[in-house]
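Trainee: Fold the following, please.
(2 chains)
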Amino acid sequence: MTPNPTAVGNPFAGAKNQQERRERITRWLLRLVTFFIVAVTLGILALIAIKGSPVVFRSQWPFVNTKFLTELPSTLHVIEDVKGNKQEVEVGHADEVKAGLGDNFHSETTISYSGGGILGPIVGTALLVLVSISVALFLGVSCAIYLSEYAKHGKFLELVRLAILNLAGVPSVVFGLFGLGAFVLTAPVFTHMPMDRSILIIPLGFTTLSFEGWDTCVLSGGFTLAFVILPVIITASEQCLQAVPQGFRETSMALGATRWQTIRYSVLPFAMPGILTSSILGIARAAGETAPIMFTAALAFKDKLPWQKALPPLPADASIFAHWEQSVSRLLGVFTESVQALPYHIYTIAAKIPQNEYSERAQYGSVFVFLVLVATLAATSIWLRRRLRAKYRW
Amino acid sequence: MTEMPVQSANHDAAFIQVEKFNYAYADHQVLFNVDLNFHREDITALIGPSGCGKSTLLRSINRINDLVDNARVVSGSIKIEGVNLYSPEVDVISLRRNVGMVFQKYNPFPRSIFENAVYGLRVAGVKDKHDLAEAAERSLRLAALWDEVKDRLHESAVGLSGGQQQRLCIARAVALQPRILLMDEPCAALDPIATARIEDLIAQLRGKFTFVIVTHNMEQAKRIADKTAFFYKGKVIECDDTMTIFGNPADKLTESYITGRLT
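Mentor: Predicted coordinates:
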């Protein structure tokens, strides 16, 4: 049948009916919800940038508040004179300033943790991330290799996957308690003098292995965080391994390689870019967790960096080896110290101390630095993925 | 030049013997009582419709199919010079060093051409640089690729054309000096010109290896194979000289397959 153009005109002209209006409303509703989410995200970022950047940046050279980034947190003293002028003073100089004001002195306010900078938390977070990502990568990649390359499909594998999936759903504070029980209080150490609360003591002759825990330290916190990010690392690593063409495995084995040689030379190298990329996202996650480190590694306040531990002074005629030994023990000692960490520091100054304009300033400064660090990590991950993808295409 | 199988008196003696071979994936049997003999230094083509089990048989000869989950030999045996490949005394690794394989999809590793050529030697523990370089040149020459790549041995193999990549895969397989070369549709992913080059190469290598080639291309089987075996639904229907199979097949099924009337 042929439409008659003169009689019908536009044959596709439909009536603007109820249905069409409903369609339009639905579309706009969904669009608004999406815009709302974007707006909230941008709003959060803008608020942090607006309130945080004045703390971190300066209008004059070197344009960055070096004090904020290179000093440890300290108590801030605000001294007000009779005319109402306020003066911010560091701990050590408070009395000096008060004496200088003499009779003009009106009042003094102290705000905990809000003075100085945030170097301590930055260093602590860096160390925690270093330990956790090393542990998580080793355990996670090993597990992913087993699951992807060795394990046979079946009930057991399903069970393992279910366990990993569940691990991802465990609230982080539970990991914190697990870390407290497992690493802080029971993990094994070599020592000559086991503690009374040690659960199991195994004499080894030259020393004893005592299950008395590592105490609250970077190692405990790092291991705990490792378990938090382990599901992410395992899942991502397994996907990356699966993405390596099966043909590589078959070819390699057909050329007389063992299974491990095949993994070592023809699977892992091509999966590694992806694994590293996703592990950077794991780093961002580990850096941001507060609950797992509250009981295992982090302190609200510490006036020393982890390597500034007081060691017995060496005698003047100490040999070069003694110096060397002390340096090494200082370096390794970093991991057995408790530290401050950025998320916990933010929690402390935002929730544990009376709020005022000074503490708010410290909060937003810390949050801004934290956000920039995490964003840098994410950006690095994207950049790395692009570069390595280009290199290892097949 | 290299240690090659000598033209022996027992040229026609069965070199690879497949006897009453039954093979299954879990409970799904794919090969039924396969009896086949591959003769030394012959080129044998395996033809048949998709899913007829010819690839499975090929992949059982170097036991690469062991990698597939739930794949198993139900009964029967494959023997090379009388040794049952599936007996516990056989070391799969050394078996695979003696039986080279080229796959359908050319898949050089995303490494340099040189590293691809010597991969088998590397995993076998050869460390001497001189030996490796010598082996690389020898196998690349054998695969008729040397002249094209000798100036860029250390560039990525992924930069080569499809046909070159497949010849590199052949070089990689012959680097270990196997006696048997299995090819699973070696030209399926190549254009006609590259296909012709591979066929020329196989013709050149005739007599240096015992070839077993799975192909869907009947013209190719006609051109290169001495013997042809026709598979249908997991059974060998007919195996004879290529001329006989294509000229005067004994079985109705074979005839309808090679004339394209088998559905």
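Trainee: name the element residue 223 belongs to?
Mentor: Because you didn't say which chain, this covers chain A. helix A:218-243 (DSSP states H and E).
Trainee: actually chain B
Mentor: Element membership for B:Arg223 (DSSP H and E) is helix B:218-224.
Trainee: Please identify the pairing partners of the next helix or strand after that helix and their relative orientation?
Mentor: Next helix or strand after helix B:218-224 toward the C-terminus (DSSP H and E): strand B:227-232. Sheet neighbours of strand B:227-232, with direction, are listed as strand B:43-47 (parallel), strand B:235-241 (antiparallel) (DSSP bridges).
Trainee: got the CA positions of the next helix or strand after the first one in CSV?
Mentor: Remark: after strand B:43-47, the chain's next helix or strand is helix B:54-61, criterion DSSP H and E. Taking only C-alpha atoms (Å, rounded to 0.1, in the frame of the first residue of the first chain), the coordinates of helix B:54-61 have been written out as CSV:
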residue,chain,number,x,y,z
LYS,B,54,41.0,-34.4,14.4
SER,B,55,42.4,-31.5,16.5
THR,B,56,42.0,-33.5,19.7
LEU,B,57,44.0,-36.4,18.2
LEU,B,58,46.7,-34.0,17.0
ARG,B,59,46.9,-32.4,20.5
SER,B,60,47.1,-35.8,22.1
ILE,B,61,50.3,-36.6,20.2
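Trainee: how about the helices in the stretch 1-150 of chain A?
Mentor: Secondary structure of the stretch 1-150 of chain A, counting by DSSP state H, counting those that start in this stretch: helices at A:5-8, A:18-56, A:66-70, A:94-101, A:119-145.
Trainee: do the stretch 251-394 of chain A as well
Mentor: Here the stretch 251-394 of chain A has its helices, by DSSP H, counting those that start in this stretch, at A:259-262, A:268-288, A:291-294, A:320-333, A:342-347, A:357-391.
Trainee: nearest to chain B, of the ones you listed?
Mentor: Chain B lies closest, by CB to the nearest CB, to one member of these: helix A:259-262, at 4.8 Å. Any C-beta I mention is one placed from the backbone N, CA and C, and that applies to glycine too.
Trainee: in the closest one, what counts as buried?
Mentor: A:Gln261, A:Thr262 (16 or more other CB atoms under 10 Å in any protein chain shown).
Trainee: Spell out which parts of the stretch 151-300 of chain A neighbour chain B.
Mentor: By CB under 8 Å from any CB of the partner chain, the residues of the stretch 151-300 of chain A that approach chain B are A:152-153, A:245, A:247-258, A:261, A:265-266, A:270.
Trainee: let's see it at 7 Å
Mentor: Proximity of the stretch 151-300 of chain A to chain B is assessed by CB under 7 Å from any CB of the partner chain, with A:152-153, A:245, A:247-251, A:253-258, A:261, A:265-266, A:270 identified as the residues in range.
Trainee: Any of these buried? List them.
Mentor: Buried residues within these, defined by neighbour count using 16+ other CB under 10 Å: A:247-251, A:253-257, A:261, A:265-266, A:270.
Trainee: Looking at B:Ile224 now. What's its pLDDT?
Mentor: With respect to pLDDT, B:Ile224 scores 91.
Trainee: related to what we said a few turns ago, now the helix holding A:Phe223 and helix A:119-145, what's the angle there?
Mentor: Put simply, helix A:218-243 runs at 40 degrees to helix A:119-145, going by axes from the mean of the first three to the mean of the last three CA atoms, to 10 degrees.
Trainee: by contact count, what packs against helix A:218-243?
Mentor: helix A:119-145, helix A:155-169, helix A:172-179, helix A:268-288, helix A:291-294 (3 or more CB pairs under 7 Å, 6 or more residues apart in numbering or on different chains; DSSP states H and E).
Trainee: Nearest the middle, which residue of the chain would you pick?
Mentor: The chain I'm using is chain A. Using CA atoms, centre = their mean, the residue of chain A that lies closest to the mean C-alpha position is A:Ala287, 0.8 Å off.
Trainee: Chain B, not that one
Mentor: When chain B is reduced to its mean C-alpha position, the closest residue under CA atoms, centre = their mean turns out to be B:Leu182, at 1.2 Å.
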